[in-house]
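> no sequence on this one, just coordinates:
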């Protein structure tokens, strides 16, 4: 069939309507030739709104492509902005309609590639470009990632702190979809909404040793809600060191330290005595202090009472914000390995505490088992994130809740229930 005949065959078929509610800029040809060269579908495509490029598309309006007529259909539509971000969309089973399902960015140029097919199976193609307008509102949502750049242990969660609270589930899904985490080696992970302004990200299991983890935001210019648009966020890269995991058995009065799965040291310890039992569960090293003055009044023990103390403490490794440490306790060496006599911390000899202090880094894992104490809370007192099973952790993701609305209530209750 000649080119002229083919053009005659398709003329008048497959009218595409691109509904934006505002103007579109220029149209262009396709620079990506196929094995069977597609015909130019210019005569079959029309757009609602001006086509002179003087007006800009409303970013609040969804995109829509419609094939009119029974002798042709849409086979594919892709829409991307100048940064390479794709606009998610859905194509009907019969190819009669495509519409966007994710928000557009403001003040951005978009390219849309529409593929069609006529009743003879011949491919058509059209490339469209348009520019979205800039919102008049000045409200924006900025994101700050944590921790600071550096090398951490394999238990270190990522954090995303928002400049404004986000409560609406649909808006949370927009935010979460724009927060991207990449790790090498790859590790399955998910975000969890701690509250309206903070999210944590952790893998299903601990990070691989020697991993590179990058987190960034694609929210800039994206509409999140009424008069609220995505703002700026500085990307973050961290690395992980060796997998150092310390497991304290409170009943056996012993700590076993593992490095990349191998035991490197076993240390006699003492943990919290009855009434001051050490928390069970997984904690993450928050920091290290060579010297701390520990006073009983900071944990609610009255000065001058039988349980009061005021002690200089060395080689203190912090695992909770409320004051739980692994530290040197030379005054309890006689009980270490045989009895629990502390007020909640894990005590050991000065020599062992110095070794532990020099061996661990922020993000390393300290786990306590067989204590009579409560389980470490997931949030609010350090990083207890690992004490939530993976299936419950995922219920705190707005994207999971969006897929299964029944999980939204569980996600909302997770922080409080913890």
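Received it, and whenever you're ready, just let me know what you need. Remember, it's a predicted structure, so these values are computed and weren't measured experimentally. Numbering: from 1, shown residues only.
> and residue 375, what are its bridge partners?
With DSSP bridges as the criterion, residue 375 is bridged to residue 280.
> from residue 232, how far out is it?
38 Å (Cβ to Cβ, to the nearest Å). Every residue, glycine included, has its C-beta placed from N, CA and C.
> same deal with residue 218?
12 Å.
> can you show me the helices along the protein?
Counting by DSSP state H, the chain has helices at residues 3-10, 169-177, 350-359, 390-395, 398-403, 408-417.
> and the closest residue to residue 107 other than its chain neighbours, what pLDDT?
Leaving aside its sequence neighbours, residue 107 sits nearest to residue 134 (Cβ to Cβ, 6 or more residues apart in numbering; 4.2 Å). Each residue has a pLDDT score; the one for residue 134 is 70.
> can I assume residue 134 is in contact with residue 105?
No - with contact defined as Cβ atoms under 8 Å, residue 134 does not reach residue 105; the gap is 10.1 Å.
> roughly how far apart are residue 344 and residue 366?
13 Å.
> check residue 330 too.
21 Å.
> residue 394 against residue 403, yeah?
No - if you go by Cβ under 8 Å, residue 394 and residue 403 don't touch, sitting 10.2 Å apart.
> compare the two and say which one has the larger neighbour count.
Shown here are residue 394 and residue 403; by other Cβ atoms under 10 Å, residue 394 has more neighbours (20 against 10).
> residue 217: what's it in contact with?
Residue 217 makes contacts with 143, 145, 160, 178-180, 230, 232-233, 235, as judged by Cβ atoms under 8 Å, 6 or more residues apart in numbering.
> just the ones of those in strands?
In strands, judged by DSSP state E, the following of these are found: 143, 145, 160, 179-180, 230, 232-233.
> burial measure for residue 223, as a count.
Residue 223 has 21 nearby residues by other Cβ under 10 Å.
> so what pairs up with it in the strands?
residue 229.
> surely residue 188 meets residue 206?
No - checked against Cβ under 8 Å, the pair residue 188 and residue 206 is beyond contact range at 11.8 Å.
> more crowded one of those two?
residue 206 (21 against 9).
> how many neighbours does the residue lying closest to the more buried one once chain neighbours are set aside have?
Leaving aside its chain neighbours, residue 206 sits nearest to residue 154 (4.1 Å; criterion: Cβ to Cβ, 6+ apart). Residues within reach of residue 154, counting by other Cβ under 10 Å, total 24.
> for the one 3 residues further on, same thing?
The criterion is other Cβ under 10 Å. On that basis, residue 157 has 23 neighbouring residues.
> OK, contacts around it?
With the criterion set at Cβ under 8 Å, 6+ apart, residue 157 makes contact with 200-202, 284, 383, 385.
> also residue 285?
Neighbours of residue 285 in contact, by Cβ under 8 Å, 6+ apart: 153, 155, 317-319, 360-366.
> output the residues you listed in JSON lines; the columns should cover neighbour count.
JSON lines is the format used below for the contacts of residue 285 (neighbours: other Cβ atoms under 10 Å):
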{"residue": "153", "neighbour count": "23"}
{"residue": "155", "neighbour count": "26"}
{"residue": "317", "neighbour count": "25"}
{"residue": "318", "neighbour count": "22"}
{"residue": "319", "neighbour count": "31"}
{"residue": "360", "neighbour count": "22"}
{"residue": "361", "neighbour count": "19"}
{"residue": "362", "neighbour count": "21"}
{"residue": "363", "neighbour count": "24"}
{"residue": "364", "neighbour count": "28"}
{"residue": "365", "neighbour count": "23"}
{"residue": "366", "neighbour count": "30"}
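> what's the closest of those to residue 110?
residue 363 (40.3 Å; Cβ to Cβ).
> for that closest one, give me the backbone phi and psi.
phi 90, psi -10 (degrees, to the nearest 10).
> quick one: pLDDT of it?
98.
> residue 417 now?
31.
> what does residue 53 give?
61.
> how close does the residue nearest to residue 107 sit to residue 37?
If you go by Cβ to Cβ, the gap between residue 134 and residue 37 works out to 38 Å.
> distance to residue 308 for the contacts of residue 285 - can I get that in a markdown table?
What follows is these, written out as a markdown table (distance: Cβ to Cβ, whole Å):
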| residue | distance to residue 308 |
| --- | --- |
| 153 | 34 |
| 155 | 34 |
| 317 | 24 |
| 318 | 22 |
| 319 | 23 |
| 360 | 30 |
| 361 | 33 |
| 362 | 31 |
| 363 | 34 |
| 364 | 32 |
| 365 | 32 |
| 366 | 26 |
